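Trainee: Need the 3D shape of this:
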Amino acid sequence: MKRRSVGLLVAAATVMAGLTAVPAEAHSSKRVVGYYTNWSGYDRNFLVSDLVKNGSAARLTHINYAFGFVDEHGSCVSSDPWADYQRPFTAEQSVDGTADQPGQVLNGNLNQLRQLKKKFPGLRISISLGGWTGSKYFSDAALTPASRAAHVRSCLDLWLKGNIPGLPAGAAKGIFDGIDLDWEWPGSEGNPGNVVRPEDKQNFTALVREYRRQLDRLSSPFKHRYDLTAFLPANPVQIDNGFEVPEVFRDLTFATTQGYDYHGTWELVTNQQSALDGPAGDPSPVEFSSQVTIDAYLSRGAPRSKLVMGVPFYSQGWTGVTDQNNGLFQPATGPAPGTYGPGTEDYRRLKAKLAGFTVHRDHEAGFAWLFDGTTFWTWDDPVEMKRKARYISDRRLGGAMIWSLDGDTEKGELISALHRNLR
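Mentor: Residues are numbered from 1 along each chain as shown. This next block holds a predicted model:
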């Protein structure tokens, strides 16, 4: 369920405004937004409590809990009830050090997030809806005024009012401070089989408006008490296909931009996946970089203070790479083996197997990679996190977004470097 790529879609086509309470521990006024996924607790065994142990929780201003799905009726549903609200945690696994008890009303990640909010009361948590595999029916939900209103009512009832099926009314109330829309993508193909319509662009604007209207009604008498955010694509073609930028940003608290997967193992030539600027010698027909993405949104009317730039805590990797140019822009035979799947690796896993690799950096374009003569990995380490944080600060953007928090080390090396260099 890793977020998929702007590069894949192009290849297929080829073609602090709002309420942003900051924890007392936060280093700057910039937002630090992290995605925590409901599958992090499985193979990765990265629990909500690990956000406390590795220092992430103290450095975050926002967590997006991913993902809630939209079903064929346009209603919000849990994508994994066991992980979300059924799984019991031991005292050692829990945030507050107490074990879940038999008959307890709410278990799972939602209860752990509730404990996390008690420990870090300034931390704001949103439920993220959609994602790569959960966006199939967004177009249907957004199609008409009636469908939009019903969809939003369903999502607010489930996630903000906390009315979880099979549990007492309001069992999960008060955990979430907002909604994060991860429709991938309005007006453009995302995961195969997604419903896509030409009118998605206008309907996304209307959907955001309907969310803002119902959230403000639920917030009354405190205007904008609930956050409304969205995850937006890096590809300017997808931006123009699916987003009326000024209108959408008018109703959003902020938006996060895809700052990774500019290239990846769906391509047969090695490349950067998260460069700040286009590198010299790039053989790609279209340039993708953070500069391209941020400039695209700014030129279309997005306010700087509401643009939160994405950064990856994982790598893209190829093997069978030609041993020239330190492996960069070279043909490969396929994806490199990864712990959880081919072609990707969490930073903490890759750091543990660096023997034989050399770190290479392009200081002008702002990216790094590893190469051992046959295997190539993109490489976002603390040095690159510092570089990205300074870029965000220099461009006066609204902050940084992390995909995803489970990729960091036990010492929180990446988020530490990112956090302390944001100004």
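
Trainee: can you pull the pLDDT of the closest residue to Glu287 other than its chain neighbours?
Mentor: In space, Glu287 comes closest to Gly278 once its chain neighbours are excluded; the distance is 4.1 Å by Cβ to Cβ, 6 or more residues apart in numbering. In this view, the C-beta of every residue, glycine as well, is placed from N, C-alpha and C. In this prediction, Gly278 carries a pLDDT score of 98.

Trainee: In this structure Gly278 contacts Gly366, no?
Mentor: No: look at Gly278 against Gly366 with Cβ atoms under 8 Å: they stay out of range, at 10.1 Å.

Trainee: all helices of this protein, in order?
Mentor: Using DSSP state H, the helices of the chain run over 6-13, 48-53, 56-59, 81, 108-119, 138-141, 145-155, 200-219, 236-242, 245-251, 290-299, 347-351, 382-394, 413-420.

Trainee: avg pLDDT for the fifth one?
Mentor: Per-residue pLDDT values over helix 108-119 give a mean of 98.

Trainee: contacting residues around Gln330?
Mentor: Val269, Thr270, Val321, Thr322, Asp323, Gln324, Phe376 (Cβ atoms under 8 Å, 6 or more residues apart in numbering).

Trainee: so can I have a markdown table of the residues you listed showing distance to Arg395?
Mentor: Formatted as a markdown table, these follow (distance: Cβ to Cβ, whole Å):
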| residue | distance to Arg395 |
| --- | --- |
| Val269 | 29 |
| Thr270 | 28 |
| Val321 | 33 |
| Thr322 | 36 |
| Asp323 | 37 |
| Gln324 | 34 |
| Phe376 | 29 |
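
Trainee: Tell me the most packed of those, by neighbour count.
Mentor: Using other Cβ atoms under 10 Å as the neighbour test, those are led by Phe376, with 30 neighbours.

Trainee: out of all of them, which strand in this protein is the longest?
Mentor: Longest strand in the chain, counting residues (DSSP state E): strand 62-70.

Trainee: That one relative to helix 108-119, how many degrees between them?
Mentor: 150 degrees (axes from the mean of the first three to the mean of the last three Cα atoms, to 10 degrees).

Trainee: Give me the distance between strand 62-70 and the centre of its chain.
Mentor: 9 Å (Cα atoms, centre = their mean, to the nearest Å).

Trainee: same for that strand, what does it pack against?
Mentor: With contacts defined as 3 or more Cβ pairs under 8 Å, 6 or more residues apart in numbering; DSSP states H and E, the packing partners of strand 62-70 are strand 31-37, strand 76-78, helix 108-119, strand 124-130, strand 178-182, strand 227-232.

Trainee: Now with 7 Å, please.
Mentor: strand 31-37, strand 76-78, strand 124-130 (3 or more Cβ pairs under 7 Å, 6 or more residues apart in numbering; DSSP states H and E).

Trainee: residues in contact with the second one?
Mentor: Spelled out, it's strand 76-78. Contact partners of strand 76-78, identified using Cβ atoms under 7 Å, 6 or more residues apart in numbering, comprise Gly68, Phe69, Val70, Asp71, Asp84, Leu129, Ser154, Cys155, Leu158, Trp159.

Trainee: what lines up beside that strand in the sheet?
Mentor: Strand pairing for strand 76-78, using DSSP bridges, gives strand 62-70 (antiparallel).

Trainee: Give me the contacts around the strand it pairs with.
Mentor: Under Cβ under 7 Å, 6+ apart, the answer for strand 62-70 is 31, 33-38, 76-79, 109, 113, 123-131, 134, 137-138, 141, 159, 180, 182.

Trainee: Try it again at 6 Å.
Mentor: 33-37, 76-77, 79, 124-129, 131, 134, 137-138, 141, 180 (Cβ atoms under 6 Å, 6 or more residues apart in numbering).

Trainee: If we go by neighbour counts, what in that strand is buried?
Mentor: In terms of neighbour count (16 or more other Cβ atoms under 10 Å), strand 62-70 has its buried residues at His62, Ile63, Asn64, Tyr65, Ala66, Phe67, Gly68, Phe69, Val70.
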